[in-house]
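**Q** sequence and predicted structure, then a few things I'm wondering about:
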Amino acid sequence: MSHFARRHFVTLLALLALSPALHAELLYESNRVELYRVNAPQGVRNDHPMRLETYALEDRLAEVSLVLPNRRSEPLLDEKTRLNLGEQLAQALRRLDPEDELHMIAYRVDKSGFLSSKRYASSARAFVKDGQLNLIFGGLEQFQNEFRDPGKPLPPMGSRTRPSTLAGELQVSGAAQLAEGRSDWVLIPVTEPAARGATSRAAPTPAAPAPAPAKPTVTWQEVEEGLATLDRMRQRGLITQEDYDRMKKRLLESAAPASR
């Protein structure tokens, strides 16, 4: 059995280990991001399907930081993971029904080991309600084996009713904020493209728009690695040719000017 087939087989077994009521459906998987469609709590209806701009999602996700014990504040998602997640999250939200939510898992890959790399997962329940993307985290920076134990469920997503005890502290900036009384629940204002220009209900319209923060640049070595990953995803059928072309363009545009 190939490496890729083995990963999908293990993922399937892990889903079967979950509660039957969860009805998790894999929508997208890469070495950095996994998205599953799950049922919303009974009686809950979200604002789905929702069309959101990828660029806007990526910028908003950059406003969420993480502080772990004995470590300084750092972005929750690195540049590559944020680009991957923003693209796929936008696509997934267009496919959801009001009774659906997403189980979102983002991996940080640590390649500091001499012979192997390690993966750490941050996982959340994701849905759009009242003009806000809700991310309720169930875990932060949880160590994950390269191949998930078939008897071990997916990293947990958060609960609307029970706050999660996290290994670190979430910090937000810009328009993102934490839900009242919850340190595990991030609220990110979002609007569909058709509603652009309308006055936000969360804040008064500024006299002039603030300049967008400069996007972090990546080195050409990182671009080459990203292109190789995209090519493998395309060959395996994980992304379409259109997805490949769009993400390739984004990676090339993100390269550091000094390295061109």
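**A** Perfect, I can see it now. Treat the numbers as computed from the prediction; the structure is a model and nothing was measured.

**Q** same for whichever strand or helix holds residue 243, what does it pack against?
**A** Under the criterion of DSSP states H and E, residue 243 resides in helix 241-253. For helix 241-253, the packing partners by 3 or more CB pairs under 8 Å, 6 or more residues apart in numbering; DSSP states H and E come out as helix 79-95, helix 220-235. The C-beta positions use only the backbone N, C-alpha and C, and glycine is treated the same way.

**Q** so which bits of the longest one are buried?
**A** When neighbours are counted by 16 or more other CB atoms under 10 Å, the buried residues of helix 79-95 are found to be 79-93.

**Q** can you get me the start-to-end distance on stretch 228-247?
**A** 12 Å (CA to CA, to the nearest Å).

**Q** name the surrounding residues that touch that stretch.
**A** 4, 28-31, 83-84, 87, 248, 251 (CB atoms under 8 Å, 6 or more residues apart in numbering).

**Q** one step back: turn the helices and strands packed on helix 241-253 into JSON lines, including distance to residue 122 and mean pLDDT.
**A** Converted to JSON lines, these look like this (distance: least, CB to CB, whole Å; pLDDT from 0 to 100):
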{"stretch": "helix 79-95", "distance to residue 122": "9", "mean pLDDT": "93"}
{"stretch": "helix 220-235", "distance to residue 122": "20", "mean pLDDT": "78"}
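
**Q** what pairs with residue 106 across the strands?
**A** residue 33, residue 122 (DSSP bridges).

**Q** wait, isn't it in contact with residue 75?
**A** No - taking contacts as CB atoms under 8 Å, residue 106 lies outside contact range of residue 75: 11.1 Å.

**Q** have a look at the two and say which one is more surrounded.
**A** The neighbour count for residue 106 versus residue 75, taken as other CB atoms under 10 Å, is higher for residue 106 (23 against 15).

**Q** roughly how far does that one sit from residue 70?
**A** 22 Å (CB to CB, to the nearest Å).

**Q** list the contacts of the closest residue to residue 54 other than its chain neighbours.
**A** Using CB to CB, 6 or more residues apart in numbering and skipping residues adjacent in sequence, the residue nearest residue 54 is residue 90, 4.7 Å away. Going by CB under 8 Å, 6+ apart, residue 90 touches 51-54, 57.
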